[in-house]
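# fold the following, please.
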Amino acid sequence: MSLDRATIRSIADLARIEVPEEDLDHLAGELSGILKFVEQLAEVNTDGVAPMTSVVEMITPMREDAVTDGGYVDKILANAPEQADGFFVVPKVVE
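Numbers count the residues shown, from 1 in each chain. I've put the predicted structure just below:
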């Protein structure tokens, strides 16, 4: 897939990136090369290959779900501009 200056300008606008006019041709060449490489990947036969999330088979270690810290409600709420019944009070933002 070959990209032209107009397409590169459109991509830059969508990405909110300011690209000088003199750089458009260079970027078109680079992005076209990247897309050609990605198109090559589509030609690889992946039949019978299971999807993987890692190259190493591993199991995530689990830990006991226990509270190890806390109970500092008064210290935390000491910094609150406004509080009520152990909770922060914030201004209403939705009508």
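# and the spatially most central residue of the chain, what pLDDT?
Central residue of the chain (CA atoms, centre = their mean): Ala15, 14.3 Å from the mean position. pLDDT for Ala15: 95.
# right, and Glu18 touches Arg9 too?
No: counting by CB atoms under 8 Å, Arg9 is not a contact partner of Glu18; they are 10.7 Å apart. C-beta coordinates here come from the backbone N, C-alpha and C atoms, glycine included.
# more neighbours: these two, which one.
Shown here are Glu18 and Arg9; by other CB atoms under 10 Å, Arg9 has more neighbours (15 against 8).
# surely the more buried one is in contact with Asp25?
No: Arg9 lies out of contact with Asp25 (CB under 8 Å); the separation is 11.3 Å.
# run a quick neighbour tally on Ala28.
19.
# what helices and strands are in contact with the longest helix along the chain?
Counting by DSSP state H, the longest helix found in the chain is helix 24-41. Applying 3 or more CB pairs under 8 Å, 6 or more residues apart in numbering; DSSP states H and E, one finds that helix 24-41 contacts helix 5-14.
# how about the nearest residue to Asp4, chain neighbours excluded?
Nearest non-adjacent residue to Asp4, counting by CB to CB, 6 or more residues apart in numbering: Ala28, 6.3 Å away.
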